[in-house]
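In: mind looking at a prediction? Sequence and model below.
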2 protein chains.
Amino acid sequence: MAVYTHVTAEEIATFMTTYDAGEVISFKGIAEGVENSNYLVQTARASYILTLYEKRVNPDDLPFFLGLMDHLVHKGCTTAAPIRDRDGAILKNLCGRPAALISFLPGLSITRPKPQHCDQLGQEMARMHAAAADFDLERANALSLEGWQKLVNLCAARADEVEDGLHDLIIDEMAFLQAHWPDNLPVGIIHADLFPDNVFFTGGKLSGLIDYYFACNDILTYDVAICLNAWCFEPDGAFNITKARRLLRGYGRVRPLSAAETGALSILCRGAALRFLLSRLYDWLNRVEGALVSVKDPQEYIDKLKFHRTVKNPSEYGLDI
Amino acid sequence: MAVYTHVTAEEIATFMTTYDAGEVISFKGIAEGVENSNYLVQTARASYILTLYEKRVNPDDLPFFLGLMDHLVHKGCTTAAPIRDRDGAILKNLCGRPAALISFLPGLSITRPKPQHCDQLGQEMARMHAAAADFDLERANALSLEGWQKLVNLCAARADEVEDGLHDLIIDEMAFLQAHWPDNLPVGIIHADLFPDNVFFTGGKLSGLIDYYFACNDILTYDVAICLNAWCFEPDGAFNITKARRLLRGYGRVRPLSAAETGALSILCRGAALRFLLSRLYDWLNRVEGALVSVKDPQEYIDKLKFHRTVKNPSEYGLDI
C-alpha cells in the first residue's frame, strides 16, 4: 500500500506520448497493491492505471500476467487490460522499472460481502476459468505443495511464537496434503488471489476482477477453495454456509463441478488455508517494525484451516449432494 | 505520503449519500499530502478528493482552511473547494476523523519549473492575495518569528550534526531576523506553502493551487519570498534570476510591489529560508528509521539561506530598480 518508485509529471507526460491516449490532465500515486507502485492517470479521454513492477515481481512472469489480462478482455471478461502503445507493445519501461498502462476499471471493493456478491463472484470466476482455457502461456504455481513445503521449512520452528501447537499443526497438515493432494482434477489458469479487494462492484453488480499477479496453472477448483476461505467466513470466524452455497452454485451454473471436484473441496480448502497461513506466518515472523507494508495476522487462517479439518462431507459447504 | 485512516467501500458509500454528488463508482486512497489521508472518489457525475484530517492538524483551524478555500472559489480563483452536503455543511466526520469532500482539480505538479511557470505562479498568487483580502476569519502564522525561535531552541544544540557551523549560523540568523523583521509591510492571507507540488498545470497553463493547510495571516510579500526559494533555485543550488524576475513581474502585474516591499525582499527570503531550514532540521533530527513519511534534507535550505545573506540589492532578484 505505497508508491515505491516516484514518477515525475515530466516523466509521465513523456511516457504517455508513446500511447494514443490523449494529454495527461491528472496523475496521482495510489495506495493500492502491496507489491507494486500504482498511479491513476487521467487524460482528456479516459482514466488508466500505470503500474511499475517492483522487486518482488519476476520480470520473466510479466508477459504471462499481461498477456493473460489481454486475452481475458478479448474473450469478453470484465477485467482491467493492458493498453498497447503506438508500436503495439504492452510491457514497457519507466524510471528503470518494467511498467504497463492498464485500463481503468470502475468499481469498489467491498469489505463485507453478502450472499449475492458471492453468487456473482462464483459466476465470474467460472467465466474467467473458461475464457482462459485457450491462453497459450503457462506459469507454474510457486505457492503449491512444493512452495508450501519451503515455507514450512522456513517457519515451522518458530510457529509456536504465534500459537501454542501451531508447529505440530503445520507439520501434520503438510504431511496430510503431501499424501492426499489430488492429481486427477481439471487444471487450467486460476487467479489464485481473488480476495474481496481484487473484485470490483458498482451498484451491487460485479464490475470486474483485478490484480492477476498471482495467476498460474493449477487445479481450477483450488481457485474456488481460495474464495470460500476469503469470502465465506464472518469476522468472528464463523463459516457462512449460505455464502458458500451461493458461491458454489454461481460457479456451477457457468462451469458445473464434477463429483470428483466437489468430493475434493475439503482438501482443497485445507490447502488454500495452509497456503495463506504460511505466507502470512512468514511475513509475520519476518516483519519489520515501522515498515511501509502492514502485515496480516496469520491467526485468521489458522482458524480457517482448523475448520476445514473438521469437515466430513461436501454438504457442509452448502452443496446439495 | 500515505493513507492513515482506512475507509471501507461501505463507509464511503454511506458518507456520499449525505451529498448530492451521485453514486460512487470508484474510490482509491492516494499517496498525496504528508499530514492527512486522501482518497480520490469518482461518481457518475464528477471526481472529488476526500480528506480525513489526521492528528497533526488542529481541528479548530479547519473552519479557517475550508472557509478560505470556499471564499477563494467564490471570488473566481482556480482552486479546489469544499463541497457542501445536503444540509450545507462542509466540515464533516468520517471514521472518527474530521473530514471534507473537496472538488477535484485537474492538473499535474511539475518537478522542474520553467520561467513561464514562475510567471503564472506569480500572477495567480497575487490574485489569491487580492481575493482573500475580504475573508473574515484570521489565523496567526505559527511558523513566524516566535515559532522559529521555538524551533531554534529545540534544534540548535544538535545542528552541527548536519553541518559544521550550522549552530552558529542559525543563532546569528535568528538574532538578525528578530532585530530587523519588517513590521510596516502589507499583510493579509498567505498560502505559506506554495511549493511546486501544490500548484497544478494542465498543458503548460496553471490550473490551480491546492493544500491551504498552512494558510495564515502574514506579510503578503513573505509568500512571494517562500516561492522565490521554492521555485527559483536549480537542483545544483544556483539561483535562477530569470525565473525570479518572471515570478516577481508576474506578481507585480496583478498586485504591484511597493518600494518598501521590494526593499525587504532579501530579509523576507532569509526568513522564509530559515523557516524551512528549521522545520526540516527538526524533522531530520527527530526522524524515525523506516517511518511512513520521508524526511527532507535540511541542506537545501541551509544553502538557500547562505545565498540570501550575500544579497546586497533587490536587483539581484531580477527586479528593475
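Out: That came through fine. Keep in mind that this is a model prediction, so the values were computed, not measured. Numbers count the residues shown, from 1 in each chain, chains lettered A, B, ... in the order given.
In: residue nearest the centroid of chain A?
Out: By CA atoms, centre = their mean, the mean C-alpha position of chain A lies nearest to A:Asp193, the distance being 1.5 Å.
In: surely A:Tyr301 is in a strand?
Out: No - A:Tyr301: not assigned to a strand; according to DSSP: H, G, I helix; E, B strand; the rest coil it is helix.
In: measure the residue nearest to A:Val187 when sequence neighbours are not counted to A:Pro186 for me?
Out: Closest residue to A:Val187 apart from its sequence neighbours, by CB to CB, 6 or more residues apart in numbering or on different chains: A:Ile219 at 5.6 Å. For the C-beta atoms, the positions are set from N, CA and C on the backbone; glycine is no exception. According to CB to CB, to the nearest Å, A:Ile219 stands 7 Å off from A:Pro186.
In: between the two, who's got more neighbours?
Out: A:Ile219 (23 against 14; other CB atoms under 10 Å in any protein chain shown).
In: follow-up on the earlier one: name the element the residue nearest to the centre of chain A belongs to?
Out: When secondary structure is defined by DSSP states H and E, A:Asp193 falls outside every helix and strand.
In: can you give me phi and psi for it?
Out: The phi/psi pair for A:Asp193 (degrees, to the nearest 10) reads phi -150, psi 40.
In: residues touching the nearest residue to it once chain neighbours are set aside, list them.
Out: Of all residues not flanking A:Asp193 in the chain, A:Phe214 sits nearest, at 4.1 Å (CB to CB, 6+ apart). By CB atoms under 8 Å, 6 or more residues apart in numbering or on different chains, the contact set of A:Phe214 is A:Leu143, A:His191, A:Ala192, A:Asp193.
In: likewise for A:Leu143?
Out: A:Ala192, A:Phe214, A:Arg275, A:Ser279.
In: report the separation between the residue nearest to A:Val187 and A:Asn141.
Out: Distance from A:Ile219 to A:Asn141, by CB to CB: 9 Å.
In: now for these two: what residues contact both?
Out: Counting by CB under 8 Å, 6+ apart, the residues touching both A:Ile219 and A:Asn141 are A:Ile190.
In: which pLDDT value goes with A:Val295?
Out: pLDDT recorded at A:Val295 is 70.
In: secondary structure class of it, three-state.
Out: What three-state DSSP gives for A:Val295 is coil.
In: mind checking the backbone torsions on the nearest residue to it once chain neighbours are set aside?
Out: The shortest distance from A:Val295 to any non-neighbouring residue, by CB to CB, 6+ apart, is to A:Arg287 (4.4 Å). Here is the backbone geometry of A:Arg287 (degrees, to the nearest 10): phi -70, psi 150.
In: one more: A:Lys92?
Out: phi -120, psi -170.
In: now the residue lying closest to it once chain neighbours are set aside: phi and psi?
Out: Spatial nearest neighbour of A:Lys92, excluding adjacent residues (CB to CB, 6+ apart): A:Ala99 at 5.0 Å. Main-chain dihedrals, A:Ala99, degrees, to the nearest 10: phi -150, psi 150.
In: any idea how far A:Ala99 lies from chain B?
Out: Shown here: A:Ala99 relative to chain B, a distance of 17 Å by CB to the nearest CB, to the nearest Å.
In: and the gap between A:Leu72 and chain B?
Out: In terms of CB to the nearest CB, A:Leu72 sits 20 Å off from chain B.
In: and for A:Val152?
Out: Distance, A:Val152 to chain B, using CB to the nearest CB: 29 Å.
In: before we move on, which element is that residue in?
Out: helix A:145-155.
In: cool, and A:Tyr48?
Out: Per DSSP H and E: strand A:47-52 holds A:Tyr48.
In: what angle separates that strand from strand B:47-52?
Out: 60 degrees (axes from the mean of the first three to the mean of the last three CA atoms, to 10 degrees).
In: and strand A:47-52, what does it pack against?
Out: If you count contacts as 3 or more CB pairs under 8 Å, 6 or more residues apart in numbering or on different chains; DSSP states H and E, strand A:47-52 packs onto strand A:37-43, strand A:97-103.
In: what's the farthest-apart pair in the contacts of A:Phe214?
Out: A:Leu143 and A:His191 (12.8 Å; CB to CB).
In: all helices of chain A, in order?
Out: A:9-16, A:62-74, A:115-131, A:145-155, A:166-180, A:220-231, A:241-254, A:259-263, A:265-285, A:299-310 (DSSP state H).
In: what's the second one in contact with?
Out: Same thing as helix A:62-74. A:53, A:79-82, A:90-91, A:98, A:100, A:102-103, A:128, A:131-132, A:135, A:137-139, A:189, A:212-213, A:215.
In: I'd guessed A:Leu169 sits against A:Leu305; true?
Out: Yes - the pair A:Leu169 and A:Leu305 qualifies as a contact (CB atoms under 8 Å) at a distance of 7.4 Å.
In: more neighbours: those two, which one.
Out: A:Leu305 (23 against 19).
In: isn't the more buried one right next to A:Leu274, touching?
Out: Yes - taking contacts as CB under 8 Å, A:Leu305 lies within contact range of A:Leu274: 5.9 Å.
In: next one: the nearest residue to A:Ala131 once chain neighbours are set aside from chain B, what distance?
Out: By the measure of CB to CB, 6+ apart, the closest residue to A:Ala131 outside its immediate chain neighbours is A:Lys75, 3.8 Å from it. Distance of A:Lys75 to chain B, computed by CB to the nearest CB: 24 Å.
In: is A:Lys75 in contact with A:Ala81, as I believe?
Out: No - using CB under 8 Å as the test, A:Lys75 is too far from A:Ala81 to be in contact (10.9 Å).
In: neighbour count winner among those two?
Out: For the pair A:Lys75 and A:Ala81, the greater number of neighbours falls to A:Ala81 (21 against 16), based on other CB under 10 Å.
In: contacting residues for A:Pro59?
Out: A:Tyr53, A:Pro98.
In: distance of it from A:Leu52?
Out: Look at A:Pro59 and A:Leu52: by CB to CB, they are 12 Å apart.
In: try A:Ala31
Out: 14 Å.
In: pull out the buried positions in stretch A:245-255.
Out: A:Arg245, A:Arg246, A:Leu247, A:Leu248, A:Arg249, A:Gly250, A:Tyr251, A:Gly252, A:Arg255 (16 or more other CB atoms under 10 Å in any protein chain shown).
In: from the chain's centroid, how far away is stretch A:124-135?
Out: The chain centroid and the centroid of stretch A:124-135 are separated by 15 Å, computed with CA atoms, centre = their mean, to the nearest Å.
In: may I have that stretch exported as CSV, CA atoms only?
Out: Output of stretch A:124-135 as CSV, limited to C-alpha atoms (Å, rounded to 0.1, in the frame of the first residue of the first chain):
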residue,chain,number,x,y,z
GLU,A,124,-17.4,-14.5,-12.9
MET,A,125,-14.6,-16.8,-11.7
ALA,A,126,-16.1,-19.7,-13.7
ARG,A,127,-16.3,-17.4,-16.8
MET,A,128,-12.7,-16.4,-16.3
HIS,A,129,-11.6,-20.1,-16.0
ALA,A,130,-13.4,-20.9,-19.2
ALA,A,131,-12.1,-17.8,-21.0
ALA,A,132,-8.5,-18.6,-20.0
ALA,A,133,-8.7,-22.2,-21.3
ASP,A,134,-7.1,-21.3,-24.7
PHE,A,135,-4.5,-18.9,-23.4
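In: understood, closing this out.
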